[in-house]
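Participant: Provided below for reference: sequence and predicted model.
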Amino acid sequence: LNEQETIDLPPDTGRPLVIGFSQVGSESAWRAANTKSIKEAAKQANVELLFEDAQQKQENQIRAIRSFISRKVDVIGFSPVVESGWGEVLKEAKDAGIPVIITDRSVEVADSSLYITLIGSNFKEEGRKAGKYVLDKMRLVRGPIHIAEIQGTLNSAPAIDRKKGFEEVIRGNHAMNIVASDTGDFTRESGKAIMTRYLQKYGRDIQVLYSHNDDMAFGAIEAIEEAGLRPGKDIVIVSVDGGREAFQAMLLGKLNCTVECNPLLGPQLIQAAKEVVAGHTLPKRIVTREGVFTKGTAAREIENRKY
Ligand code: GYE
């Protein structure tokens, strides 16, 4: 170790770092992979992790954060289910001198000093990537093109931004029309229910489905098959996340494209927590690197999938 590094080391308190983490829920395969990544990274680093699953309810997250404050954890981590309504509880953490690291979903707060950093994806960019795929895929089809959208959880950062990014790109082509856009909860169940309703209302008029995550797309695929249509053929389907099951669906020809959203944030979270406790300054935003995969590249890529 050189001198610089020794100076930066935290005082050795003789006890492991304690992190309280409030997770959104267990709504999707993405979330399961994210939870596993965080737990494994904590274990590997010998960090004591207090883990709470909020079951997609903001009040549960606020309660968990308050309990972490009263237990005097070293660092609080959390993935906010919705964007707004965090000012008060984050102020409580700040007043208690506990640094907060946000992962995955962003918060909307007037005072950005209420958290240290946000580690996660650029959801608007994911929406743009999905939009670009649709523009390209449908370029030879005569318009108007009817697009159905299944949004993620109402007021969640990924639902807001995946919608915005997608619209921004398809707006450039007047043939593209979003004819239906309902809010689901990022679950397979709600994806199926919403798609069933869309099909009852629009039937064969829907040419494209944009789903804000894989799980809702899988539910929609079931609904499309039950209606006697061929997912991936009669309806072009693009989703976000890029989990293994999406690759399997692409290999079966039922899903056309998935935009990657990497859930494996555990190592970065633990690293950031250690650095913050050591007194290092972190960038306000740490963005994960991601790609786009289609039916054409699925066979080559599926072996590399870690989630
Ligand atoms: O896309 C979805 C999950 O916040 C990025 O939440 C995450 C999203 C992910 O339920 O599958």
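Facilitator: That came through, no problem.

Participant: was I right about Glu40 contacting Leu269?
Facilitator: No: Glu40 is beyond contact range of Leu269, at 11.2 Å (criterion: CB atoms under 8 Å). Just so you know, the C-beta spots here come from the backbone N, C-alpha and C atoms, and that holds for glycine as well.

Participant: looking at the two, which one has more neighbours?
Facilitator: For Glu40 and Leu269, the more surrounded residue by other CB atoms under 10 Å is Leu269, and the numbers stand at 30 against 14.

Participant: which SS class is that one?
Facilitator: Recorded secondary structure, Leu269: helix (DSSP: H, G, I helix; E, B strand; the rest coil).

Participant: now Leu209
Facilitator: Using three-state DSSP, the secondary structure recorded for Leu209 is strand.

Participant: phi, psi of the closest residue to it other than its chain neighbours?
Facilitator: The spatially closest residue to Leu209, leaving aside those adjacent along the chain, is Ile237, at 4.7 Å (CB to CB, 6 or more residues apart in numbering). As for Ile237, its main-chain torsions (degrees, to the nearest 10) stand at phi -120, psi 130.

Participant: touching both of Glu40 and Leu269, which residues are there?
Facilitator: Residues within reach of Glu40 and of Leu269 at once, by CB atoms under 8 Å, 6 or more residues apart in numbering: there are none.

Participant: how close does Ala157 sit to Arg171?
Facilitator: 21 Å (CB to CB, to the nearest Å).

Participant: so which of these two has more stuff around it?
Facilitator: For Ala157 against Arg171, the residue with the higher neighbour count under other CB under 10 Å is Ala157, and the figures read 25 against 10.

Participant: now do the contacts for the residue nearest to Leu209.
Facilitator: Applying CB under 8 Å, 6+ apart to Ile237 gives the contacts Val208, Leu209, Ser211, Ala217, Ala220, Ile221, Pro231, Lys254, Leu255, Asn256, Cys257.
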